[in-house]
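Q: for reference, the sequence and a predicted model appear below.
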There are 2 protein chains.
Amino acid sequence: MNVQTCVFCKIIAGQIPCTKVYENDAVLAFLDIGPISDGHTLVVPKAHTPRVDKTDSHTMAALAQALPMLADAVQQAVGADGYNILCNNGLSAGQIVEHVHLHIVPRKKNDGLFNQWPSFQYPQGKAGAIAEKIIQNLNLSRVRP
Amino acid sequence: MNVQTCVFCKIIAGQIPCTKVYENDAVLAFLDIGPISDGHTLVVPKAHTPRVDKTDSHTMAALAQALPMLADAVQQAVGADGYNILCNNGLSAGQIVEHVHLHIVPRKKNDGLFNQWPSFQYPQGKAGAIAEKIIQNLNLSRVRP
């Protein structure tokens, strides 16, 4: 808990109100106050953690286990056809509050959200070189059931 | 496994090659062949499941537990400042392959990706009404540790 500085910790502590939709020992879910679609929901771990790469696997599991139920309920509630689950990590990725939060963004056909997907092809050999660097950087001890 | 029709099941079965970066009993991670940034990685459950809302909590936990390690390695490998984790569910949300997959998209400052965030404010009373509908649709038996 980082109640001095973190707005999500203040919400979890009840110091700032939220429109709660779900809570358990490890997780709180509430409506985003600046939604990009009706029903846009945030799912946060109660334990303060700034980014996914700094988070333990137990906390990640608790977050993920709530997602099927929450995603189902959110899309039913607003009559959506689908949804994006999005987690921004780092300022360059659009993260504003430095407490891990998963966005569930309900979607409807042709709603115009997230319609940029500028995919490209790697030149010969580049994918293999990148994969090799990723593999070298894997800390396998971090994946714990 | 749905090897007849699902491209990710074919990859998991070794029938289609991939640039693998990580694998365990439950999860496979490999480079996206149509990346939107260098190092763009997909993380998939080995068990076929079309969407997060149709997925059991055990499978979701296995996916999530690999994310801190993978996100860390991916961003280090390409010298990124951050990353988005994105999971599209349903055609309206941009899902093309109907097998749950998490995108890890490395990000660098001012790279121009995902720069649309058209947030709005709910009119008085609407957030509460939506939250009430979400809560009514929660199937609490689905969250299992």
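A: Nice, thanks for sending it over.

Q: hang on, residue A:59 in a helix?
A: Yes - checked against DSSP: H, G, I helix; E, B strand; the rest coil, residue A:59 lies within a helix.

Q: neighbours around it, how many?
A: 20 (other C-beta atoms under 10 Å in any protein chain shown). In this view, the C-beta of every residue, glycine as well, is placed from N, C-alpha and C.

Q: quick one: it from residue A:28, how far?
A: Separation of residue A:59 from residue A:28 (C-beta to C-beta, to the nearest Å) stands at 13 Å.

Q: ok, what's across the strand from residue A:44?
A: residue A:28 (DSSP bridges).

Q: quick one: is the longest strand that chain A contains near chain B?
A: Scanning chain A for the strand with the most residues, using DSSP state E, yields strand A:82-89. Yes - using C-beta under 8 Å from any C-beta of the partner chain, strand A:82-89 reaches chain B at A:82-89.

Q: who's in contact with stretch A:22-32?
A: With contacts defined as C-beta atoms under 8 Å, 6 or more residues apart in numbering or on different chains, stretch A:22-32 is touched by A:11-12, A:18-21, A:39-47, A:59, A:62-63, A:66, A:69-70, A:103, B:119, B:122, B:127, B:130-131, B:134-135, B:138, B:143.

Q: buried residues in that stretch?
A: Neighbour-count burial for stretch A:22-32, counted by 16 or more other C-beta atoms under 10 Å in any protein chain shown, picks out A:22, A:26-32.

Q: same question for stretch A:70-79.
A: By neighbour count on 16+ other C-beta under 10 Å, the buried set for stretch A:70-79 is A:70-78.

Q: swap in stretch A:78-85?
A: Those would be A:78, A:80, A:82-85, for stretch A:78-85 by 16+ other C-beta under 10 Å.

Q: with pLDDT added, can I get those residues in CSV?
A: Shown next, in CSV, are the buried residues of stretch A:78-85 (pLDDT from 0 to 100):
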residue, pLDDT
A:78, 98
A:80, 97
A:82, 97
A:83, 98
A:84, 98
A:85, 98
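
Q: circling back to that earlier point, of the residues of strand A:82-89 next to chain B, closest to chain B?
A: For the residues of strand A:82-89 next to chain B, the minimum distance to chain B (C-beta to the nearest C-beta) is 2.0 Å, reached by residue A:82.

Q: bridged to that closest one, which residues?
A: residue A:107.

Q: list the contacts for it?
A: A:75, A:106-107, B:51, B:88-93, B:95.

Q: can you rerun that using 10 Å?
A: A:71, A:75, A:105-109, B:51, B:53, B:88-95 (C-beta atoms under 10 Å, 6 or more residues apart in numbering or on different chains).
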